[in-house]
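> just coords:
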């Protein structure tokens, strides 16, 4: 599994529209609206690097309204959230 974080600059009047479009693309697990120099952050989870390249260049960056992006490839995941869900009893 390959995970990546994509930081996106979006046209101001298209932030919600782009976020909704991105969440419908297979391989994009979450999209966050954020404050700061970027408008959206997308979390990608795919099977391999080739699938990541295809997702970013052939699908994501063709979405109208995206002005700029920066892709960060995760080397290793450290997640308290994942550990909590594995041990959740289900109250």
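Yep, that arrived. The model shown is predicted, which means the values in this text are computed figures rather than measured ones. Numbers count the residues shown, from 1 in each chain.
> look up how far residue 3 lies from residue 75.
From residue 75 across to residue 3, the span is 9 Å (Cβ to Cβ, to the nearest Å). Placement of C-beta: from N, CA and C, glycine included.
> between those two, point out the one with more neighbours.
residue 3 (16 against 6; other Cβ atoms under 10 Å).
> pLDDT wise, what is the residue nearest the centre of the chain at?
Nearest residue to the geometric centre of the chain (Cα atoms, centre = their mean): residue 42, 2.0 Å. Predicted confidence (pLDDT) at residue 42: the value is 98.
> what does the one 4 residues further on give?
At residue 46, the predicted lDDT confidence score is 97.
> pretty sure it contacts residue 53?
No - using Cβ atoms under 8 Å, residue 46 makes no contact with residue 53, being 9.3 Å away.
> the one helix or strand the residue nearest to the centre of the chain maps to packs against which elements?
Assigned by DSSP states H and E, residue 42 belongs to strand 40-46. Helices and strands touching strand 40-46, by 3 or more Cβ pairs under 8 Å, 6 or more residues apart in numbering; DSSP states H and E, are strand 2-10, helix 15-23, strand 28-33.
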